[in-house]
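Trainee: Task: produce atomic coordinates for the following.
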Amino acid sequence: MNYDLFKRIFETGFSIFLLLLFWPVMVLTVLWIKLISSEGPVFADTPKRVGKNGSLFYAYKFRSMIPNAHELMRTDPKLKKLYEQYKKGSYKLHDDPRLIYGGQLIRRFSVDEMPQLLNVIKGEMALIGPRPYYADELAEQQEKYPQTKKYIEDVLSAKPGITGMWQVSGRSNINFDKRIALDAYYSKNKNFWMDLTILIKTPWAMISGRGAV
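Mentor: Presented below is the predicted three-dimensional model:
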């Protein structure tokens, strides 16, 4: 059995197992968002992400921010400075004022990422792979870091992952240029043992919350 087929079968089965394992946490998160913390949808209302070979898809994430947070930051004059800070920080923010009550915990321990297991089952994502970037993020960050343009083709040759090399290497503490270089390295050199190493490191990255925003 070749690597790609084995990876697909294993990750689909493991994603189903994780959904069964974490369903109590996911149900509590849904109740928290809908009944206690915030009015609005359970899933984050964000634009589609760039998948394998440049195809676009919607990545399921529990909403940890106010409704329409992504679009508001780009269009609301009151959030102009926040948007500039967001772009300078490699599309990550510390102390984001758009977070709902409890949203920081949802993000810190990667609970918001759990619904992406559905994306894995659908074949849009992998458990392990490059970060699922926004289209505008890729375009604008390449302008900021021109040397990263050489990495894009390699990164888009693989399905984006829920976890990956950058997630277990510091997450949001790593700027875009180093992050996408790690993604490109993984995409060119991915193998079973690399995947296993990343998978083993992921629980600690989630529990510690290191670099999460």
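
Trainee: and after the top helix by length along the chain, which helix or strand comes next?
Mentor: Taking DSSP state H as the criterion, the chain has its longest helix at helix 3-31. Per DSSP states H and E, the first helix or strand lying C-terminal to helix 3-31 is strand 49-50.

Trainee: so who does K88 touch?
Mentor: Contact partners of K88, counting by Cβ atoms under 8 Å, 6 or more residues apart in numbering, are absent. For every residue, glycine as well, the C-beta is placed using N, CA and C.

Trainee: What pLDDT is listed against it?
Mentor: Per-residue confidence (pLDDT) for K88: 74.

Trainee: ok, back up a step: what comes up buried for the longest helix of the chain?
Mentor: By 16 or more other Cβ atoms under 10 Å, the buried positions in helix 3-31 come out as K7, E11, T12, S15, L19, M26, T29.

Trainee: Out of those residues, which two are the most distant from each other?
Mentor: K7 and T29 (27.8 Å; Cβ to Cβ).

Trainee: re earlier: are there helices or strands packed against the longest helix of the chain, and which ones?
Mentor: Counting contacts by 3 or more Cβ pairs under 8 Å, 6 or more residues apart in numbering; DSSP states H and E, helix 3-31 is packed against helix 116-122, strand 126-128, helix 192-208.

Trainee: circling back: looking at the buried residues of helix 3-31, which is nearest S157?
Mentor: Closest to S157 out of these is K7 (13.9 Å), distances taken as Cβ to Cβ.

Trainee: Could you check how far the closest one is from K190?
Mentor: Distance, K7 to K190, using Cβ to Cβ, to the nearest Å: 8 Å.

Trainee: Residues that sit against both of those two, list them.
Mentor: Common neighbours of K7 and K190 (Cβ under 8 Å, 6+ apart) do not exist.

Trainee: for this protein, which spans come out with low pLDDT?
Mentor: 89-90, 170-173, 208-213 (pLDDT under 70).

Trainee: let's see it at 90
Mentor: 1, 34-40, 45-46, 66-105, 107-110, 136-137, 139-146, 165-179, 202-213 (pLDDT under 90).

Trainee: for I33, what are its contacts?
Mentor: Remark: with contacts taken as Cβ under 8 Å, 6+ apart, I33 is in contact with G40, V42, F62, R63, I100.

Trainee: So what sits opposite the third one in the bridge?
Mentor: In this structure, F62 has beta-bridge partners F43, where bridges are defined by DSSP bridges.

Trainee: That one and R107 touch, don't they?
Mentor: No: look at F62 against R107 with Cβ atoms under 8 Å: they stay out of range, at 9.2 Å.

Trainee: circling back: so which of the buried residues of helix 3-31 is the closest to M114?
Mentor: M26 (5.6 Å).

Trainee: ok, that closest one touching M114?
Mentor: Yes: at 5.6 Å, M26 and M114 qualify as touching, with contact defined as Cβ under 8 Å.

Trainee: shared neighbours, those two?
Mentor: By Cβ under 8 Å, 6+ apart, the residues touching both M26 and M114 are F62.

Trainee: just to revisit the earlier point, winner for burial among the helices and strands packed on helix 3-31?
Mentor: The highest mean neighbour count among these, using mean count of other Cβ atoms under 10 Å, belongs to strand 126-128: a mean of 25.

Trainee: buried sites along the helix or strand just after that one?
Mentor: Sequence order places helix 135-144 as the next helix or strand after strand 126-128, per DSSP H and E. Across helix 135-144, burial judged by 16+ other Cβ under 10 Å covers E137, L138, Q141, Q142.
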